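# No letters, just coordinates:
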Ligand code: HEM
């Protein structure tokens, strides 16, 4: 071979020092150094994690295979496996550590803390949807916005929504009258109704002027949840760098177009009304629906269902009894727009984020809760009879609208609602990012900083030590004598502590008015026993087999 033919290596450079070689010489040690640093920085976490019991996994992927299959299969698998394990359980998903806590004493440490308030990293997938909204924000921003928003769900504001809850509930009855005797998925009806109720109450706009049906919005939300759940379970879709090149990204953009389209319109109409000096909801209430706004003495007789936790001697920012003053007693969007006029506490983009957050949190959770309630009525006719007896006692056959005072009399129905939220908590899992090690109360274990702490409400609500016969639907679980000595953190459908649900009183009042109106008009029939339900826990708990029920009229349906 002639010496003039350059070797591909030597010919490129007379020595070993080519730019390519320098790159490799530097890259390899840099990678080794980075890996050594990464391993070292995780040593503390891995040492503590090694002591926590868990399911054996595989190298590199850990327990990731437990999260494969259909939504229902994943949910079923996790629930079944966790039943036989202890109350603290570790799971590795690739390099990510998740520690599940099921002991109420441990849960209290996390949820009551003002330190462990950061949402888990997995919530970042909501960012394109909610931006920096209350559900996912943290630190000073979260604190300032929580302080601003919590009073807008004060009982005195909620009482002013009673008439609109009534009007909207009767409109659902009219729609359902057309389905008599046919099998329906009641979740479709509940989703549409809960979106429309939110528009007319917390947002204070008329649903008629929004040009897009609540149903389209609700369906877009449901599909967005499917995408987010898919990214939580199909791990290759989790990093944006891959997700952005998939068909799901385009689909997500389309869905967000529908979702943000509605919220933009809502903010625009409210601002226009505000500019004209109009305050409060612009939705119309026909004269016959106008009930007397209850006086302050009634607020003092609030039962535990509305004033969650107060009965257990616990208070948070929603349980303040003091009169917060006329100025602060404004509905959600009214107050945000007023605050934005000064531009200090909240700007326009942040208002949109909060509207997106409340529209999602406020509708999908209550749609699931009310749908499960109706299924429970169908599955337990004896319990349904008792609910009807109580309602007949309160309303004595009259068609009059529900008053706030009536809702306080619905003691048995409230127990049924609580029991529904126990067995089927709409938010089946709450997750936090730990910034500091957490020494557990139930054992000597320490949960390491840097991991995700997951609180599976669905499992906690079925602990046999706390709820004997936990799979039985038994509203008496919420008799005062039974709740009195129960650990407060053993029933957490609305979470608890500083990051508890701001909408819980709104939810309970709305559900009582909506569901009592339905139960005054219909009997629910269902021949699917509870143990045949196929559940899926993608963000919000649902029945994968559909919320199938039939309705028959309790009295002659309106023509
Ligand atoms: C049955 C109905 C509802 C249930 C079961 C429920 C449950 C929950 C839960 C468990 C959380 C904590 C989530 C977490 O930490 O990841 C939460 C937070 C929240 N909920 Fe609800 N919710 C319901 C209804 C509502 C309603 C009607 C609204 C508003 C109108 C609402 C607004 C919010 C907001 C804004 C947060 C975030 C609070 C914060 O982080 O400071 N929720 N909800």
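Yes, it's here. Source: prediction; values computed, not measured.
# How about the contacts made by the closest residue to the ligand within the stretch 151-300 of the chain?
Proximity to the ligand, evaluated over the stretch 151-300 of the chain using Cβ to the nearest ligand atom, is greatest for residue 202 at 5.4 Å. C-betas here are computed from N, CA, C, even on glycine. By Cβ atoms under 8 Å, 6 or more residues apart in numbering, the contact set of residue 202 is 152-153, 331-333, 358, 362, 506.
# Those: which two are farthest apart?
Using Cβ to Cβ, the two most remote members of these are 333 and 506, lying 13.5 Å apart.
# There's contact between residue 357 and residue 134 in this structure, I believe.
Yes: under the criterion of Cβ atoms under 8 Å, residue 357 makes contact with residue 134 at 5.2 Å.
# more crowded one of those two?
A count of neighbours by other Cβ atoms under 10 Å puts residue 357 above the other of residue 357 and residue 134, at 24 against 20.
# Pull the number of nearby residues for the closest residue to residue 248 other than its chain neighbours.
Counting by Cβ to Cβ, 6 or more residues apart in numbering, residue 248 lies nearest to residue 227, which is 5.6 Å off, once chain neighbours are set aside. Residues lying near residue 227 (other Cβ under 10 Å) number 19.
# is it true that residue 227 touches residue 250?
No: counting by Cβ under 8 Å, residue 250 is not a contact partner of residue 227; they are 10.9 Å apart.
# any common contacting residues for the two?
Contacts common to residue 227 and residue 250, judged by Cβ under 8 Å, 6+ apart, are absent.
# Got the confidence number for the closest residue to the ligand within the chain?
As assessed by Cβ to the nearest ligand atom, the ligand sits closest to residue 503 within the chain, at 2.0 Å. Each residue has a pLDDT score; the one for residue 503 is 94.
# same thing with the one 3 residues further on?
On the pLDDT scale, residue 506 is placed at 94.
# element containing it?
helix 504-521 (DSSP states H and E).
# for residue 545, same thing?
Assigned by DSSP H and E, residue 545 falls within no helix or strand.
# How about it, nearest residue that isn't a chain neighbour?
Using Cβ to Cβ, 6+ apart and skipping the chain neighbours, the partner closest in space to residue 545 is residue 534 (4.4 Å).
# Is there any residue in the host helix or strand of residue 229 that contacts the ligand?
Following DSSP H and E, the helix or strand that holds residue 229 is helix 214-233. No: between helix 214-233 and the ligand, judged by Cβ under 6 Å from any ligand atom, nothing touches; the nearest distance is 13.1 Å.
# And that helix, what's buried?
214, 217-233 (16 or more other Cβ atoms under 10 Å).
# Which secondary structure elements does that helix sit against?
Counting contacts by 3 or more Cβ pairs under 8 Å, 6 or more residues apart in numbering; DSSP states H and E, helix 214-233 packs against helix 71-83, helix 186-200, helix 247-275, helix 348-379.
# out of these, deepest packed?
Mean neighbour count (mean count of other Cβ atoms under 10 Å) peaks for helix 186-200 among those, with a mean of 26.
# and that one, average pLDDT?
Rounded mean pLDDT across helix 186-200 is 93.
# Which strands or helices does it pack on?
Packing partners of helix 186-200 (3+ Cβ pairs under 8 Å, 6+ apart): helix 162-177, helix 214-233, helix 348-379, helix 504-521.
# now the angle from that helix to helix 247-275?
40 degrees (axes from the mean of the first three to the mean of the last three Cα atoms, to 10 degrees).
# Number the chain from 38, please
Sure, I'll start numbering at 38, so the last one becomes helix 223-237.
# and the residue nearest to the spatial centre of the chain, what does it touch?
Central residue of the chain (Cα atoms, centre = their mean): residue 464, 4.6 Å from the mean position. By Cβ under 8 Å, 6+ apart, the contact list for residue 464 reads 402, 494, 530, 532, 577-578.
# What backbone torsions are found at it?
Main-chain dihedrals, residue 464, degrees, to the nearest 10: phi -100, psi 100.
# And the following helix or strand past the helix holding residue 543, what's buried?
Later in the chain than helix 541-558, the nearest helix or strand by DSSP H and E is strand 559-562. Judged by neighbour count using 16+ other Cβ under 10 Å, the buried positions of strand 559-562 are 559-562.
# Reformat those residues as JSON lines; add pLDDT.
Below are those laid out as JSON lines (pLDDT from 0 to 100):
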{"residue": "559", "pLDDT": "97"}
{"residue": "560", "pLDDT": "97"}
{"residue": "561", "pLDDT": "98"}
{"residue": "562", "pLDDT": "97"}
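# returning to what we had before: which of the helices and strands packed on helix 251-270 has the lowest mean pLDDT?
It's helix 108-120: among the helices and strands packed on helix 251-270, that one has the lowest mean pLDDT, namely a mean of 85.
# other SSEs contacting it?
Right, helix 108-120 is packed against helix 251-270, helix 494-497, strand 572-573 by 3+ Cβ pairs under 8 Å, 6+ apart.
# now for the shortest one, which elements pack on it?
Counting contacts by 3+ Cβ pairs under 8 Å, 6+ apart, strand 572-573 packs against helix 108-120, strand 579-580.
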